[in-house]
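Q: Just the structure for this:
(2 chains)
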Protein chains: 2
Amino acid sequence: MAEKLYIYDTTLRDGSQGEGISLSVEDKIKIAACLDRLGVDYIEGGWPWANPKDMEFFRRAREMTWRQAKLTAFGRTRKPGGRADSDPNLLAIKEAGVKTAALFGKSWDLHVTAALETTLEENLAMIADSVAFLVAAGMEVIYDAEHFFDGFKANPDYALATLKAAAAAGAGWVVLCDTNGGCLPDEVAAIVTRVRQEIQVPLGIHAHNDGDLAVANTLAAVKAGCRQVQGTVNGFGERCGNANLCSVLPNLELKMGYQCLPAGQLSHLTEVSRYVSEIANVVPPGNQPFVGYSAFAHKGGIHVSAVLKASQTYEHISPHLVGNERRILVSDQAGASNLRCKAEELGVELSKEKEQALINGIKEMERRGYQFEGADASLELFLRKTLGEYRRPFEVEYVKTLVEKRPGREATSEAIVKLKVGEQVVHTAAEGNGPVNAMDNALRKALEEVFPVIGRMRLTDYKVRVLDEKDATSARVRVLIESRDGSGSWNTVGVSTNIIEASWEALLDSMEYALLKQSRNLKPN
Amino acid sequence: MAEKLYIYDTTLRDGSQGEGISLSVEDKIKIAACLDRLGVDYIEGGWPWANPKDMEFFRRAREMTWRQAKLTAFGRTRKPGGRADSDPNLLAIKEAGVKTAALFGKSWDLHVTAALETTLEENLAMIADSVAFLVAAGMEVIYDAEHFFDGFKANPDYALATLKAAAAAGAGWVVLCDTNGGCLPDEVAAIVTRVRQEIQVPLGIHAHNDGDLAVANTLAAVKAGCRQVQGTVNGFGERCGNANLCSVLPNLELKMGYQCLPAGQLSHLTEVSRYVSEIANVVPPGNQPFVGYSAFAHKGGIHVSAVLKASQTYEHISPHLVGNERRILVSDQAGASNLRCKAEELGVELSKEKEQALINGIKEMERRGYQFEGADASLELFLRKTLGEYRRPFEVEYVKTLVEKRPGREATSEAIVKLKVGEQVVHTAAEGNGPVNAMDNALRKALEEVFPVIGRMRLTDYKVRVLDEKDATSARVRVLIESRDGSGSWNTVGVSTNIIEASWEALLDSMEYALLKQSRNLKPN
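A: Below is the predicted model of the structure:
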């Protein structure tokens, strides 16, 4: 049996400190649910006292059902000279509605005197009081020893004394933090080994990547005896980020033989990595180890022919173990299986040739930047049109948008739409809150005259993704729109170098799908 | 005296195998000259036989003067059953006009039989013949033992025999390659230690990053006795890339006490990293260790106040050692100490009242969706305007954009700009690839008439973030633009429910900042 390690994800707290990363409460809820499905042991939700958004997150989290993960509230030890039972930060943790707390305190004498401006003794009391207060409230307390490694190097006895204070007060875990991220793996291994001789409470590791060694330091700490591993999805985090769980987990499971996630779950890693990037609106680096788009891409001719003969010649692991794929064989797998699934759903029988034609069509669209995983309605329209079994119930003649901006006044936006439904010409215009909203209003106004069902649907989500940022304002953009009516929701996509055109395409698909949906409901199935 | 390590850069060969990286001969010449100025010992220029562009590179390189670096030609051992002295690949190396050759051969028995399809004995002869041929031609030969670590794990005796064949034939260096990038640091350390007992020729290390451990593996190999270090700038390379010299060099010099570059040269590392990214047309990751834009960026208020008291509290090294700089991110959460620091950076004296007014102003902007941490130029303009010490050098009367889309045709976009510079009215229009690009073109055209400096800047990145997705097409969006001129880059932000308005705001700030920057350079400081 592989030995179990406990995985502690701090994407929502430390990860959101990363530059350019800003998560709404809704984003946090989505990411937490995804991490819970993946099977991590702890999810650090935020610092309820320091951040009103985090307070709101914990409120909403109470209404959800969690499979396996323990939701954790973060905070610091009480203030110098204060009391734990009246410290607003500790009270907020106690009232966050979770059973686990992560409490950070100082281990480095320099920080105690220079940053906290208190005495070494008072800092020990702050740690002990704060841990004891939350333990007495019935919580599991994880004590994060901030700057532990730097502190140990400066004053080992004092650094150890801080851990002992936390352990004696009832902490369930003591986590050693390389907060500045500058340690080397050998140092980490030696110091963890030393701590293990002194501390009975199980240990964890929290590494930062300032020296490009967070993954190596984490593995070294586990080898030396740490049993809790902290990190973030994609290594998000302040400065150079935290230990990247997308690299740490496969190394620990596949190379070192530990068990981190429930059996089989590692194969969802690539999906989780991409989902979190998408929500955080961060373009994931293609060369990211294990989960990157290029991680198993073979370019050189020598490599390609060798890989085809024996995959281990140029692959350190099988890509499917982490849910990634090799990219030399033009692998139709995602396309083909989606397609078969969708066709079945639509009750369409696909011949081999039709299937191949559709796969080629989808590939071409994907090459141009379309992404159908998040746009099922656009995929269905594309399939029906390609199979020739469906026509749009109206024809667009044109759409025009005009935006005017004068200083000190809000910009004005209007759209003009001209379309034909059968022989009837509809020509109308509308204003809006921006050009896309104006187009939405104008198209809706035009269609509603003929198709009252359009009045019962509305757009509920609008996302924009710049695909080739380096081309700056002439880059391609992908627009995703979510729409709803009384009975459900659907998603559409548009791609263009022109954001208006991409939005128009997704808007058109959305309304067209509403009409298709209605006509299907009217006919017997 | 620090012990000297020999730095071997393969950005131009292995680095250019990275997905999305394509270097012209001119690009390669520029990068090689930059690496030579930095002070690396070897520059691998390419594989003259396999790639006509590389042949051209070596031709042009002969006309240049190199300070310190030995230019190196890459190639493979002779073909099975062939002769070294008639092997076109070896002859091309001999005729490349350089004094050093890097020759790769097989160490892994699986590769010999499955990929090369020859015998283990013939492979040894191929190595010996090929090395001896180039040594006889008067060249220094570096033997790259491809897949050495995997080979050693599979068949240690054979793997060692391949190294002995190269050494006996006169190789000056034997380089151990983790070609698949899947080794762990402890394995590397143990295997290098073992090889040192068997091989007298000095050893090198060549690591790939598939396990996110290339830097750690390189450091482990050096500690175990390797004295040549191979890698690429920014870790460019096939799949997940090669060992990143921008991380390896500062770790070796600053943390482990070796000498890699001539004294003082490490402080050019950030500049080299950004220059190479620029030439390769790759957006460098902000969170890259040591040299990234965010590597010494402080966001949390606690961190900022501590860093100002004692920089080592949250910095593992002084940023100037690698030519980077500390950046204080102004954010709602961080507050006054961040702002003070920023004002100091700009040479602005702040009274208590002014400071409070600015904090309130920034908080209000952030509440509306602005994010200044990724938009330092907009922040500076905001500070200067709020302090009343600066006015925009032109006045905008209006901007209008018009987009027209007809089915089956590409959308057309144009923008009209009217502005005043002093008494002069400029009224102009331009088309573009989408409305934002059209505004960029029109504004640029209008301003360039009066301010030629605008012609020397360009937009290099454009990001859009929908802030309240649930409001669908009437949601607020935040636009971030990155711009560059010959001397650096800057970032601006705009927010509106109207994407055109938000983009316009960021565009205006960008060009305004270019003018501010220029006027500052003209005045004595």
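Q: count of residues packed around residue A:326?
A: By the criterion of other C-beta atoms under 10 Å in any protein chain shown, residue A:326 has 18 neighbours. No exception for glycine: its C-beta is placed from N, CA and C like everyone else's.
Q: With residue A:119 instead?
A: Other residues lying near residue A:119 total 12 when counted by other C-beta under 10 Å.
Q: Verify the contact between it and residue A:112 for me.
A: Yes. Counting by C-beta atoms under 8 Å, residue A:119 touches residue A:112, with 7.5 Å between them.
Q: Spit out the contact partners of the residue in the stretch 151-300 of chain A positioned nearest to chain B.
A: When scored by C-beta to the nearest C-beta, the stretch 151-300 of chain A has residue A:182 as its residue closest to chain B, at 2.5 Å. Residues counted as contacts of residue A:182 (C-beta atoms under 8 Å, 6 or more residues apart in numbering or on different chains) are A:150, A:210, A:211, B:255, B:316, B:317.
Q: Apart from its chain neighbours, what residue comes closest to the residue of the stretch 201-350 of chain A found nearest chain B?
A: Residue nearest to chain B within the stretch 201-350 of chain A: residue A:316 (2.5 Å; C-beta to the nearest C-beta). Leaving aside its sequence neighbours, residue A:316 sits nearest to residue B:182 (C-beta to C-beta, 6 or more residues apart in numbering or on different chains; 2.5 Å).
Q: Look up phi and psi at the one you found.
A: Per-residue torsions, residue B:182: phi -110, psi 0 (degrees, to the nearest 10).
Q: Where do the strands of chain A begin and end?
A: A:6-9, A:42-46, A:70-76, A:100-106, A:140-146, A:173-178, A:203-207, A:228-231, A:395-405, A:412-421, A:424-432, A:458-466, A:477-485, A:488-496 (DSSP state E).
Q: Give the pairing partners of the first one; include direction for each.
A: Applying DSSP bridges, strand A:6-9 is found paired with strand A:42-46 (parallel), strand A:228-231 (parallel).
Q: try the third one
A: Within its sheet, strand A:70-76 is paired with strand A:42-46 (parallel), strand A:100-106 (parallel), according to DSSP bridges.
Q: So what angle separates the directions of it and strand A:140-146?
A: Using axes from the mean of the first three to the mean of the last three C-alpha atoms, to 10 degrees, the direction of strand A:70-76 lies 50 degrees away from that of strand A:140-146.
Q: Please enumerate residues in contact with strand A:70-76?
A: A:8, A:10, A:13, A:32, A:41-50, A:58, A:61, A:89-90, A:92-93, A:96, A:98-105, A:130, A:140, A:142.
Q: Which residue ranges make up each domain of chain A?
A: Taking automatic domain parsing as the domain assignment, the ranges for chain A are A:6-280, A:296-330, A:333-386, A:395-522.
Q: For stretch A:94-105, measure first residue to last.
A: Using C-alpha to C-alpha, to the nearest Å, the end-to-end distance of stretch A:94-105 comes to 17 Å.
Q: buried residues in that stretch?
A: By neighbour count on 16 or more other C-beta atoms under 10 Å in any protein chain shown, the buried set for stretch A:94-105 is A:94, A:96, A:98, A:100, A:101, A:102, A:103, A:104, A:105.
Q: now do stretch A:363-380
A: Buried residues in stretch A:363-380, defined by neighbour count with 16+ other C-beta under 10 Å: A:365, A:369, A:370, A:371, A:372, A:374, A:375, A:376, A:377, A:378, A:379, A:380.
Q: quick one: contacts for the third one?
A: Translated: residue A:370. By C-beta under 8 Å, 6+ apart, the residues touching residue A:370 are A:378, A:478, A:493, A:495.
Q: between those, which is nearest chain B?
A: Nearest to chain B, judged by C-beta to the nearest C-beta, of the contacts of residue A:370 is residue A:478 at 10.5 Å.
Q: Which strand residues bridge that closest one?
A: Taking DSSP bridges, one obtains residue A:465, residue A:495 as the residues bridged to residue A:478.
Q: shouldn't it be in contact with residue A:371?
A: Yes. Contact criterion C-beta under 8 Å: residue A:478 and residue A:371 qualify, at 6.5 Å.
Q: residues shared between the contacts of these two?
A: Applying C-beta under 8 Å, 6+ apart, one finds that residue A:478 and residue A:371 are jointly contacted by residue A:493.
Q: And the contacts of strand A:70-76, which of them are buried?
A: With burial judged by 16+ other C-beta under 10 Å, the buried subset of those is A:8, A:10, A:13, A:32, A:41-50, A:58, A:61, A:89-90, A:92-93, A:96, A:98, A:100-105, A:130, A:140, A:142.
Q: Quick one: low-confidence residue ranges for the stretch 301-450 of chain A.
A: Low-confidence segments of the stretch 301-450 of chain A, defined by pLDDT under 70: A:301-309, A:327-342, A:345, A:373-374.
Q: So which bits of it are right by chain B?
A: Residues of the stretch 301-450 of chain A lying close to chain B by C-beta under 8 Å from any C-beta of the partner chain are A:302-303, A:305-306, A:309-310, A:312-317, A:395-407, A:410-411, A:413, A:432-437, A:439-440.
Q: Swap in 7 Å and give it another go.
A: Within the stretch 301-450 of chain A, the positions near chain B by C-beta under 7 Å from any C-beta of the partner chain are A:306, A:309-310, A:313-317, A:396, A:398-407, A:411, A:413, A:433-437, A:440.
Q: for residue A:154, what are its contacts?
A: Contacts of residue A:154 were listed using C-beta atoms under 7 Å, 6 or more residues apart in numbering or on different chains, and they are A:108, A:109, A:110.
Q: Would you show me how to pick out the buried ones of these in PyMOL?
A: A single PyMOL command selects the buried members of the contacts of residue A:154 (16+ other C-beta under 10 Å):
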select buried, chain A and resi 108+109+110
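Q: Show me which of the contacts of residue A:154 is closest to residue A:235.
A: Comparing those against residue A:235 with C-beta to C-beta places residue A:108 closest, at 23.9 Å.
Q: wait, what's in contact with that closest one?
A: Contacts of residue A:108 by C-beta under 7 Å, 6+ apart are A:147, A:150, A:151, A:154.
Q: returning to what we had before: out of the residues of the stretch 301-450 of chain A next to chain B, which are buried?
A: With burial judged by 16+ other C-beta under 10 Å, the buried subset of these is A:306, A:313-317, A:396, A:399-405, A:411, A:413, A:433-437, A:440.
Q: which residue sits closest to residue A:166, ignoring its sequence neighbours?
A: Excluding its sequence neighbours, the residue lying closest to residue A:166 (C-beta to C-beta, 6+ apart) is residue A:143, at 3.8 Å.
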